[in-house]
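Enquirer: Give me the fold of what follows.
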Amino acid sequence: MIQSGPEAYGFDISSVDRLDWHVRAGYSPMAVAASIGDASVDVRGAADFLKGKWVGKGSGYRSEGYKLNGDYKFVITKVRGFSAKATKQYRDVDSGAWSDPERAYFTLSPQGESGAWQLYGAEGDGLYLGTVAPGGDMILNYLEAGSGVDDAALRIALKKRGQRG
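Expert: Presented below is the predicted three-dimensional model:
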């Protein structure tokens, strides 16, 4: 008899919950299954280095045209395993005021032997794809499809506050 479902892959229920979350966040099911099924992979604390305030500049196209060097702030408040919860704010170019915080969620995937990580994220109206390394900078590419009203394709370069460089 051929087994199917989580038992066929040696997962316990808590692993299935993590698998479901990561697949919904955009991971390939096979890549996630490979890392969760391997007992030698320790996910505890993988995203701990993300916690804190990240600030920087973003440039790119929005529906109303090209925007250069807008101010961005991400505050990552909770981390667990490969996942992080944050808020995002940007400074309005005309008024100089910061936007209301928006929720954002991120997940990490190892990027080879370099120590860098692929970073995937989502908020209410857009997706993030980027890279980050412990002690290094974070680069986020933000994509938002708003039916022509609020479309965006931005590149945001961030440094962790309190980090030199």
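Enquirer: need the contact list for the closest residue to Ala47 other than its chain neighbours.
Expert: Excluding its sequence neighbours, the residue lying closest to Ala47 (CB to CB, 6 or more residues apart in numbering) is Val79, at 4.2 Å. (Glycine included, C-beta is placed from N, CA and C.) Neighbouring residues of Val79 by CB atoms under 8 Å, 6 or more residues apart in numbering: Gly45, Ala47, Asp48, Leu50, Lys51, Lys85.
Enquirer: Poorly predicted segments of this structure, please.
Expert: 1-43, 163-165 (pLDDT under 70).
Enquirer: one step back: run through the bridge partners of the residue nearest to Ala47.
Expert: Ala84 (DSSP bridges).
Enquirer: Quick check: it vs Tyr105, distance?
Expert: To Tyr105, Val79 is 11 Å away according to CB to CB, to the nearest Å.
Enquirer: now do Gly65
Expert: 29 Å.
Enquirer: So for those two, which sits in the more crowded spot?
Expert: Taking neighbours as other CB atoms under 10 Å, Gly65 and Tyr105 compare with Tyr105 leading, 16 against 6.
Enquirer: So what touches the helix or strand where that one lies?
Expert: Following DSSP states H and E, one finds Tyr105 within strand 102-110. With contacts defined as CB under 8 Å, 6+ apart, strand 102-110 is touched by 22, 25-27, 31, 46-47, 50, 74, 76, 82-89, 117-124, 128, 132.
Enquirer: Next: stretch 81-97.
Expert: Stretch 81-97 is contacted by residues 18, 21-22, 43-47, 50-51, 58, 67, 70-79, 98-109, 121, 123 when judged by CB under 8 Å, 6+ apart.
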